[in-house]
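Engineer: below are the sequence and a predicted model for it; my questions follow.
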Amino acid sequence: LQDKLTNLSAAHAEELSELKEDHREDLQEELEKTRRLKAQSAELEALRRRLSKAETESADMVSVTLLQEAELKARQADQQAAQLDVQTISLHHALAEADVARQQ
């Protein structure tokens, strides 16, 4: 009976040792998964920050482009206005010359 009890105790101890080893391996796998998830989370956060920065820079570039286009259109409008001023002055001068010629 003592031998049987010793054998059962040894078998139980071996089974318990195997269970502990299995549990340790499971914990190691879960720990590794957690580490990978944390690393992926950090990578995602870095990508979010880069995307936000790129969106801001893109919006700034669009604003600059729109501003440059507006400035170009303003310069073109100023040039057209100057040309119209020159044409108006030329017309007034021609009308004045025509009036002088008619009076003579």
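Structural biologist: Ah, there it is.
Engineer: quick check, central residue of the protein?
Structural biologist: Closest residue to the average C-alpha location of the chain: Leu51 at 2.3 Å, with CA atoms, centre = their mean.
Engineer: give me the mean pLDDT for the helix or strand harbouring that residue.
Structural biologist: In this assignment (DSSP states H and E), Leu51 forms part of helix 2-103. Per-region confidence: helix 2-103 scores 93 on mean pLDDT.
Engineer: can you name every helix or strand that it contacts?
Structural biologist: Applying 3 or more CB pairs under 8 Å, 6 or more residues apart in numbering; DSSP states H and E, we find helix 2-103 packed against no helix or strand. Where C-beta positions appear, they are placed from N, C-alpha and C, glycine not excepted.
Engineer: start at 47, not 1
Structural biologist: Sounds good: first residue 47 from here, last item helix 48-149.
Engineer: and it, how far from the chain's centre?
Structural biologist: On the basis of CA atoms, centre = their mean, to the nearest Å, helix 48-149 sits 0 Å off its chain's mean C-alpha point.
Engineer: so how far is Glu75 from the residue nearest to the centre of the chain?
Structural biologist: 32 Å (CB to CB, to the nearest Å).
Engineer: now swap in Ala128 and tell me
Structural biologist: Distance of Ala128 to Glu75, computed by CB to CB: 78 Å.
Engineer: what's the answer for Leu90, then?
Structural biologist: 22 Å.
Engineer: and Glu64, by the same measure?
Structural biologist: Taking CB to CB as the measure, Glu64 falls 17 Å from Glu75.
Engineer: for Gln150, same thing?
Structural biologist: Gln150 is 111 Å from Glu75, by CB to CB.
Engineer: with neighbour numbers in mind, choose between the two.
Structural biologist: Glu75 (10 against 4; other CB atoms under 10 Å).
Engineer: thanks a lot, see you next time.
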